[in-house]
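Engineer: Fold the stuff below for me.
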Amino acid sequence: MLLEVRDLAAAYGPSQVLFGLSLDVGPGEVVSLIGRNGMGKSTTVKSITGMLRPKGGTLRFNGERIDGLPSHRLARLGLGLVPEGRRIFPNLTVRENLVMAGADRRASRDPWTLERVLAFFPRLGERLGNGGHQLSGGEQQMLAIGRALMTNPVLLILDEATEGLAPVIRELIWARLGELKATGLAMIVIDKDIEAVAALADRHFVVEKGEIPWTGSSDALLSDTAMRDQFLAI
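Structural biologist: Numbering: from 1, shown residues only. Here you go, the predicted model:
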């Protein structure tokens with residue numbers, strides 16, 4: 001497995017959020033984390049990416065123990081993150097946001113460069129000299145994805161990458177994620193659009209109150225109406 005999460009426990013002060021959560025991602029595989037708001041999806045991402053130190057359990061990336069490592073060490077190992085809320089640098093230009101993240105520590109055969117990112121998201125090329133604060137929400141999301149790709153990740157984690165976007169931009173983002181999957185890039189995707197997630201991901205993990213009560217294929221996700229009513233319905 002590329003990523004192995006076993007019996008993960010996490011808390012914010014005295015408030016425990018994750019209770020023995022386990023999941024895994026294989027090389028080139030796309031998996032989703034789905035569930036209602038406040039169930040622990042983003043806390044799982046923070047624990048995996050070093051933004052929150054786990055209280056218990058183990059995390060392995062390419063066979064190496066990573067629980068407790070800081071985020072910059074994990075980025076060097078090949079973990080890329082598109083965070084919820086985008087978090088681009090508003091006072092930097094599009095070019096600066098991309099170039100500052102550029103790295104190819106694993107000597108990739110076809111690395112992500114500035115030119116490749118701009119070909120992937122042509123709109124960013126049109127806005128190259130604009131500051132991050134001058135971009136639309138959709139352009140900021142493209143920039144957040146492009147910035148993560150500039151690190152040349154082995155595993156890309158996307159936390160609500162289509163949230164709050166216009167339908168045409170959401171369709172573009174899903175199409176680009178499909179293209180990334182075709183290159184063999186492994187991904188963890190968090191999103192509320194179950195049909196889009198089912199079309200992209202190979203396996204799905206439902207997060208409910210800090211645990212994983214259900215996991216299965218896209219066919220199982222779409223056919224199991226009782227499960228969706230129990231864990232995903234608002």
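Engineer: going forward, measure contacts between C-alpha atoms and count neighbours the same way
Structural biologist: Fine.
Engineer: Test my guess that Gly57 contacts Leu8.
Structural biologist: Yes: in this structure Gly57 lies within contact range of Leu8 using Cα atoms under 8 Å: 4.3 Å.
Engineer: Which one's more surrounded, these two?
Structural biologist: Leu8 (23 against 16; other Cα atoms under 10 Å).
Engineer: about what we covered before: overlap in contacts of Gly57 and Leu8?
Structural biologist: Listed as contacting both Gly57 and Leu8 by Cα atoms under 8 Å, 6 or more residues apart in numbering are Gly20.
Engineer: all strands of the chain, in order?
Structural biologist: In the chain, the strands defined using DSSP state E lie at 3-12, 15-25, 30-34, 56-61, 64-65, 79-82, 155-159, 186-190, 203-208, 211-217.
Engineer: Phe121: which of these is closest?
Structural biologist: Counting by Cα to Cα, Phe121 lies closest to strand 79-82 out of these; the figure is 15.2 Å.
Engineer: Extract the C-alpha trace of the closest one and format it as PDB.
Structural biologist: Only the C-alpha atoms of strand 79-82 are listed here, as PDB (Å, rounded to 0.1, in the frame of the first residue of the first chain):
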ATOM      1  CA  LEU A  79       2.200  14.100   0.100                       C
ATOM      2  CA  GLY A  80       0.500  17.000  -1.700                       C
ATOM      3  CA  LEU A  81      -2.500  18.800  -0.300                       C
ATOM      4  CA  VAL A  82      -5.200  21.000  -1.800                       C
END
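Engineer: Which one of the strands of the chain lies nearest to Ile88?
Structural biologist: Nearest to Ile88, of all those, is strand 79-82, at 9.7 Å by Cα to Cα.
Engineer: Sheet-wise, list the partners of the closest one with their directions.
Structural biologist: As defined by DSSP bridges, the strand partners of strand 79-82 come to strand 155-159 (parallel).
Engineer: per-residue confidence for Arg109?
Structural biologist: Note on Arg109: pLDDT of 80.
Engineer: Adding distance to Thr49 and mean pLDDT, write the strands of the chain out as JSON lines.
Structural biologist: Shown next, in JSON lines, are the strands of the chain (distance: least, Cα to Cα, whole Å; pLDDT from 0 to 100):
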{"stretch": "strand 3-12", "distance to Thr49": "11", "mean pLDDT": "96"}
{"stretch": "strand 15-25", "distance to Thr49": "14", "mean pLDDT": "96"}
{"stretch": "strand 30-34", "distance to Thr49": "15", "mean pLDDT": "97"}
{"stretch": "strand 56-61", "distance to Thr49": "10", "mean pLDDT": "96"}
{"stretch": "strand 64-65", "distance to Thr49": "13", "mean pLDDT": "94"}
{"stretch": "strand 79-82", "distance to Thr49": "7", "mean pLDDT": "95"}
{"stretch": "strand 155-159", "distance to Thr49": "9", "mean pLDDT": "96"}
{"stretch": "strand 186-190", "distance to Thr49": "12", "mean pLDDT": "97"}
{"stretch": "strand 203-208", "distance to Thr49": "18", "mean pLDDT": "96"}
{"stretch": "strand 211-217", "distance to Thr49": "18", "mean pLDDT": "96"}
